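In: build the 3D model from these lines:
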Amino acid sequence: MAKEITAIVKLQCPGGQATPAPPVGPALGQHGVNIGQFVKDFNDKTRDRQGLVIPVVITVYKDRSFTYVMKSPPAGVLLKRAAKIATAAGTPGTQVAGQVTKAQVEEIAKLKMADLNAASLAAAMRMIEGTARSAGIKVV
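Out: All right, here's what the predicted structure looks like:
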C-alpha cells in the first residue's frame with residue numbers, strides 16, 4: 001500500500017547552498033520533516049549547479065518521511081546568465097538589458113524541455129524567446 005501524503009511543498013533553493021534558515025526551515029519544519037537531512041542531501045546533489053536557483057517539489061508523507069524532485073532552473077535565471085546581466089530591464093520593450101543568440105536560446109530550451117509543456121524543440125524555443133522578450137533581452 002502506498003504511503004499517505006500529508007503535504008506537497010514547493011521551494012526555490014540555491015544550488016549547493018541550501019541552509020535550514022528561511023525559507024527552507026519554516027516550510028519543512030511545520031510538516032515535521034528532518035530539515036538537516038533534506039539540506040545535506042539537496043546540497044550534495046546540486047554541488048555542480050552552484051549559484052543557480054533550483055526549484056524543488058518536496059512530498060511529505062504521514063510518517064514524516066519525504067521525497068523530492070528537482071526541476072530545471074527558471075528560464076529567466078538561465079537567460080540572465082547567458083546574457084551576462086544581473087537584472088532584467090525595468091521597462092521591457094523600450095529598454096534592452098542584454099542580448100542572447102538563437103544558439104543560446106536553443107541550449108536553454110533543451111535544458112528546460114522536460115519541465116515545459118511544449119511538443120517540440122521549436123515550440124520550447126518560442127517560449128524561451130517570449131520570456132527573454134518580457135525581460136528586455138534581445139534575441140539575435
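In: which neighbouring elements make contact with the longest helix seen in the chain?
Out: The longest helix of the chain (DSSP state H) is helix 121-134. Judged by 3 or more CB pairs under 8 Å, 6 or more residues apart in numbering; DSSP states H and E, helix 121-134 is in contact with helix 75-83, helix 102-112, strand 137-139. C-beta here means a position set from N, CA and C on the backbone, and glycine is covered the same way.
In: most tightly surrounded among those?
Out: helix 75-83 (a mean of 20; mean count of other CB atoms under 10 Å).
In: tell me how this structure divides into domains.
Out: Here the domain assignment for the chain is 5-70, 75-139, based on automatic domain parsing.
In: switch the ones you listed over to TSV; also include mean pLDDT.
Out: As requested, the domains of the chain are arranged in TSV below (pLDDT from 0 to 100):
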stretch	mean pLDDT
domain 5-70	83
domain 75-139	81
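In: buried residues, stretch 29-44. List them.
Out: Val33, Ile35, Phe38, Val39, Phe42, Asn43 (16 or more other CB atoms under 10 Å).
In: kindly reformat the helices and strands packed on helix 121-134 as CSV containing distance to Gly16.
Out: Converted to CSV, the helices and strands packed on helix 121-134 look like this (distance: least, CB to CB, whole Å):
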stretch, distance to Gly16
helix 75-83, 15
helix 102-112, 18
strand 137-139, 26
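In: can you tell which of these is closest to Met125?
Out: Met125 lies closest to helix 102-112 among these, at 4.5 Å (CB to CB).
In: what angle sits between that closest one and helix 75-83?
Out: 140 degrees (axes from the mean of the first three to the mean of the last three CA atoms, to 10 degrees).
In: helix 102-112 to helix 121-134, inter-axis angle?
Out: Relative orientation of helix 102-112 and helix 121-134, computed by the same axes, to 10 degrees: 110 degrees.
In: who touches helix 102-112?
Out: Helix 102-112 is contacted from outside by 72, 75, 78-79, 82, 116, 118, 121, 124-125, 127-129, 132, 139-140, using CB atoms under 8 Å, 6 or more residues apart in numbering.
In: out of the helices and strands packed on helix 121-134, nearest to Pro23?
Out: It's helix 75-83; of the helices and strands packed on helix 121-134, that one is closest to Pro23 (CB to CB) at 16.7 Å.
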